[in-house]
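Asker: after the sequence you'll find the predicted model.
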Amino acid sequence: MAYYIGVMSGTSLDGLDIALIEQGEQPALLATHYLPMPTQLKDELLSLCTSGADEIARAAMAENRWAQLAAEGIGQLLVERKLGPEHIRAIGSHGQTIRHEPAKGFTVQIGNPALLAELTGISVVADFRRRDVAAGGQGAPLVPAFHETLFGHLGQRLAVLNVGGFSNLSLIEQDQPVRGFDCGPGNVLLDAWINQQRQQPYDADGAWAAGGAVDETLLSALLSDPFFAGNGPKSTGREVFNLPWLISHLSAYPPLPEQNVQATLLELTARSICDALRSAQPATDTLLVCGGGARNGALMRRLAALLPATRVDSTQAHGVHPDWVEAMAFAWLAHCCLEGVPANRPSVTAAKGLRVLGAIYPA
């Protein structure tokens, strides 16, 4: 048995999810901690997703602040659990993605793992995506192998859906390699639109979207984006789906009520997920949802309505809280790296083969 900590900072940039797991035959979640992202750091990380002045120095300073925040949260978690650095084998740190362009051969996650190791006194495993990209893969999603580890024993035609800033599916069938791919925007456009229109960080429970009406013409135009064609392997990010992308579509139509735009964006998330699932794995028995989207009641209701023959539930139904699945995954990925276990899946990313992922920064 060994303890690992996973740190996940997703594209929603709302904060850092920190999970403590015990790794035996199966990973078990022991404790969690959440730190909100400071507004100034969030704004800087968002700005680094596009080219700008002095971005190398700005990125270096931002990743130092990110590492300091992560170290603070890890320290708080250890105090709460009455543990010391010597009890933790490693931290698996995803870092913060600021660019993801595998078609151009690169993906960039910042988070200064050397500083994180120095501040915590714990070895850090980081930079999980670039080895897969180096092997010709998409570098994302990386969670399908972990989803298979957690839920593969259920013995049915299963899909696991993670809805964070973007959404991705893991497709699990007995006697078949796990498959998976990004579906498209999850919360990223929903959050951006409500923030612009109502100065709110997110649409709690999807309530604002639920009160609007879907504009089918706009929805059809959004779904015509080339990304939605095909079942992968494929991955995406803010480079493709962002507020300017949405506004460019809106400019082609007479002004729509802001709430109807929100409703259409929620339908875009739901429809792109369900279309992808029906195409890639017809007759799915169960869809388990994790990530922030699992707490969006309006989205969960739309998924269930669009998939009447599939049981739609949160991962909580099988004992894993939906908010902590990704942080757990990066703790598990650290374990795989230290044990020399390949953790990518060519059936997911189209890499040339299995690869051990991550770079090790000793304490």
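Answerer: Right, received. Where do you want to start?
Asker: please make it C-alpha for all contacts and neighbour counts, starting now.
Answerer: OK.
Asker: this structure: strands as residue ranges?
Answerer: Applying DSSP state E to the chain gives strands spanning 2-8, 15-23, 27-36, 88-93, 96-101, 106-110, 124-126, 158-163, 166-172, 179-185, 286-290, 311-314, 359-361.
Asker: want to throw those into a markdown table with distance to residue 225, mean pLDDT and mean neighbour count?
Answerer: Conversion of those to a markdown table gives the following (distance: least, Cα to Cα, whole Å; pLDDT from 0 to 100; neighbours: other Cα atoms under 10 Å):
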| stretch | distance to residue 225 | mean pLDDT | mean neighbour count |
| --- | --- | --- | --- |
| strand 2-8 | 29 | 97 | 25 |
| strand 15-23 | 30 | 97 | 23 |
| strand 27-36 | 33 | 96 | 17 |
| strand 88-93 | 32 | 98 | 27 |
| strand 96-101 | 17 | 94 | 20 |
| strand 106-110 | 22 | 96 | 19 |
| strand 124-126 | 33 | 98 | 28 |
| strand 158-163 | 19 | 97 | 27 |
| strand 166-172 | 15 | 96 | 27 |
| strand 179-185 | 10 | 96 | 28 |
| strand 286-290 | 24 | 97 | 23 |
| strand 311-314 | 26 | 96 | 19 |
| strand 359-361 | 35 | 98 | 19 |
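Asker: so can I have CSV of those strands showing distance to residue 152?
Answerer: Below are these laid out as CSV (distance: least, Cα to Cα, whole Å):
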stretch, distance to residue 152
strand 2-8, 21
strand 15-23, 17
strand 27-36, 13
strand 88-93, 22
strand 96-101, 28
strand 106-110, 29
strand 124-126, 25
strand 158-163, 8
strand 166-172, 7
strand 179-185, 12
strand 286-290, 12
strand 311-314, 16
strand 359-361, 27
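Asker: wait, residue 19 touches residue 9, no?
Answerer: No: counting by Cα atoms under 8 Å, residue 19 does not reach residue 9; the two are 11.8 Å apart.
Asker: give me the domain ranges for this structure.
Answerer: Domain assignment for the chain by the TED database gives 2-139+325-361, 144-318.
Asker: figure out which of the strands of the chain is closest to residue 137.
Answerer: For residue 137, the closest of the strands of the chain is strand 106-110, at 10.1 Å, according to Cα to Cα.
Asker: just give me how far that closest one sits from the chain centre.
Answerer: 14 Å (Cα atoms, centre = their mean, to the nearest Å).
Asker: could you give the angle of it to strand 96-101?
Answerer: 170 degrees (axes from the mean of the first three to the mean of the last three Cα atoms, to 10 degrees).
Asker: quick one: buried residues of stretch 36-53?
Answerer: Judged by neighbour count using 16 or more other Cα atoms under 10 Å, the buried positions of stretch 36-53 are 37, 41, 42, 45, 46, 48, 49.
Asker: stretch 104-121 now?
Answerer: For stretch 104-121, using 16+ other Cα under 10 Å, the buried residues are 106-121.
Asker: okay, how far is it across it, tip to tip?
Answerer: 36 Å (Cα to Cα, to the nearest Å).
Asker: rewinding a little: so which of the buried residues of stretch 36-53 belong to helices?
Answerer: 41, 42, 45, 46 (DSSP state H).
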